[in-house]
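Asker: sequence first, predicted model second:
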Amino acid sequence: MRYVSLFSGIEAASVAWGPLGFEPVAFAEVEPFCCDLLEKRFPEVPNLGDVTEIDWSDYRGAVDVVVGGSPCQAFSLAGNRGGLADERGRLMFEYVRAVREIRPRWIVWENVPGALSSEGGEAFRCLLRELDGLGYGLAGRVLDAQFFGVAQRRRRLFLVGHLGDPRPAAEVLFEPEGLRWDLASSKQKREELSEDADIRTREGRALKHLALPQQMRCFQQNQRNELRFIAEKGDIAGAITATAGMKNQNYVVAFNPRNGHVDIELSGTIQKGGNSYSVNAQNPVIGPDGTVRRLTPTECERLQGFPDGWTDIYPDKVRTLTEEDWTGAPDPFDDLQAFKEYVPVKRKAKVVGTPDAPRYKALGNSMAVPVMEWIGRRIQEECGE
């Protein structure tokens, strides 16, 4: 199976489909960091750049699949929901143009579930109308990455199309054995998923981390700037975001009673009340109950299903950061007031490696690899390969 990828990002499709024998013919990406990653990870595949300037007719008859997730910010419930009035929303029609000029057997389009309701559903109706007019039978479904082997709640809309007969598209997205009427309650299902996620975490597929071996839980920031457990137990992370500071930003809590120090990688301490934990993320309080930190880029890679280090493309890059040196700080468990009053020394430190910010952004904008792998396998099965 040969495919063209639009809005390629860091190529979740290629990571998922490469082991299946799919062959990338061309990418289309403009983000500088993602372009560098594509050049490093796929040096033989041309990146054609801006989708609005590409003549796709050269690929007509030479491609089996056109895959892409046009920018979701115009449709996301977390954004302004500009829809088709937003330039990013109109890029959806560049995807349609690529399909029109290439005429592949299969199409795969991904976006946030908010695309279904943007502009009262008119934006999505436009997409369906355009693709139907090109002769594609279509099937759409919202899939959640937590059901595909990663400890992240990430619901995304997938639209699969097949040229001509619509039945293969439905066969790809809807499996008969999954259509049951005795569904578990949402609470029961969350408990099952949390238990499964805990196993996956211990196996190192999700939040296997780092310097702290203690028990870890995931929190997510809500609209009141509080951190709350996700899925009641905190064993499943929320959707990875592309922009730091968004209301659904993820944090990890390491329950470590002897680790009270806080530096540039740690925010304030969890405040315990009853059976729930919360902390004001804007005004963190330091205390002995536990420390809060952000997910690391490596953890985000795992939560999206990428190999460790996939986005670490500048391993030898040297940069300088200003850090707070907590050497000599009082132990908060011995003298909490002295610890609060302690003023750390500012120092500059040289850091080697890829900066975190572009890694977070690229991973937040990406698709989840296991979901793409499942769709790829289903397409293969429909083709008898």
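Answerer: Good, I have the coordinates.
Asker: measure stretch 41-50 end to end?
Answerer: Looking at stretch 41-50, the gap from its leading to its trailing residue is 19 Å under the measure CA to CA, to the nearest Å.
Asker: now it: average pLDDT?
Answerer: Per-residue pLDDT values across stretch 41-50 average out to 96.
Asker: if we look at that stretch, which residues are touching it?
Answerer: Residues outside stretch 41-50 that contact it (CB atoms under 8 Å, 6 or more residues apart in numbering) are 8, 11, 14, 24-30, 35, 38-39, 54, 310, 313. Every C-beta, even on glycine, is put in place using the N, C-alpha and C of the backbone.
Asker: now do the contacts for the closest residue to residue 154 other than its chain neighbours.
Answerer: Taking CB to CB, 6 or more residues apart in numbering, and ignoring the residues beside it in sequence, residue 154 has residue 145 as its nearest neighbour in space, at 3.9 Å. With contact taken as CB under 8 Å, 6+ apart, residue 145 is in contact with 152-156, 304-305, 368, 370-371.
Asker: which pair of the contacts of stretch 41-50 spans the longest distance?
Answerer: With CB to CB as the measure, no two of the contacts of stretch 41-50 lie farther apart than 54 and 310, at 25.6 Å.
Asker: looking at these two, which one has more neighbours?
Answerer: residue 310 (24 against 19; other CB atoms under 10 Å).
Asker: so how far is residue 12 from that one?
Answerer: The spacing between residue 310 and residue 12, counted by CB to CB, to the nearest Å, is 10 Å.
Asker: in whichever strand or helix holds residue 168, which residues are buried?
Answerer: Of the helices and strands defined by DSSP states H and E, residue 168 is found in helix 167-173. Across helix 167-173, burial judged by 16 or more other CB atoms under 10 Å covers 168-173.
Asker: just checking, residue 57 touches residue 101?
Answerer: Yes: applying CB atoms under 8 Å, one finds residue 57 in contact with residue 101, separated by 4.9 Å.
Asker: give me the beta-bridge partners of the closest residue to residue 135 other than its chain neighbours?
Answerer: If you skip the residues right next to it in sequence, residue 135 has residue 163 as its closest partner in space, 5.9 Å away by CB to CB, 6+ apart. With DSSP bridges as the criterion, the beta-bridge partners of residue 163 are residue 136.
Asker: avg pLDDT for stretch 126-134?
Answerer: Rounded to a whole number, the mean pLDDT of stretch 126-134 is 91.
Asker: what's the answer for stretch 308-325, then?
Answerer: Mean pLDDT, stretch 308-325: 85.
Asker: quick check: buried residues in it?
Answerer: When burial is assessed from 16+ other CB under 10 Å, stretch 308-325 yields the following buried residues: 310-311, 313-314, 323.
Asker: got it, and stretch 96-113?
Answerer: Buried, per 16+ other CB under 10 Å, within stretch 96-113: 96, 98-100, 102-113.
Asker: from these, which is closest to residue 356?
Answerer: When those are compared for distance to residue 356 (CB to CB), residue 112 comes out closest, at 23.8 Å.
Asker: from residue 156, how far off is the closest one?
Answerer: Between residue 112 and residue 156 the distance, using CB to CB, works out to 6 Å.
Asker: before we move on, back to that, export the contacts of residue 145 to a markdown table and tack on pLDDT?
Answerer: Formatted as a markdown table, the contacts of residue 145 follow (pLDDT from 0 to 100):
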| residue | pLDDT |
| --- | --- |
| 152 | 82 |
| 153 | 82 |
| 154 | 86 |
| 155 | 89 |
| 156 | 92 |
| 304 | 91 |
| 305 | 92 |
| 368 | 93 |
| 370 | 94 |
| 371 | 95 |
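Asker: which of the residues you listed are buried?
Answerer: 152-154, 156, 304-305, 368, 370-371.
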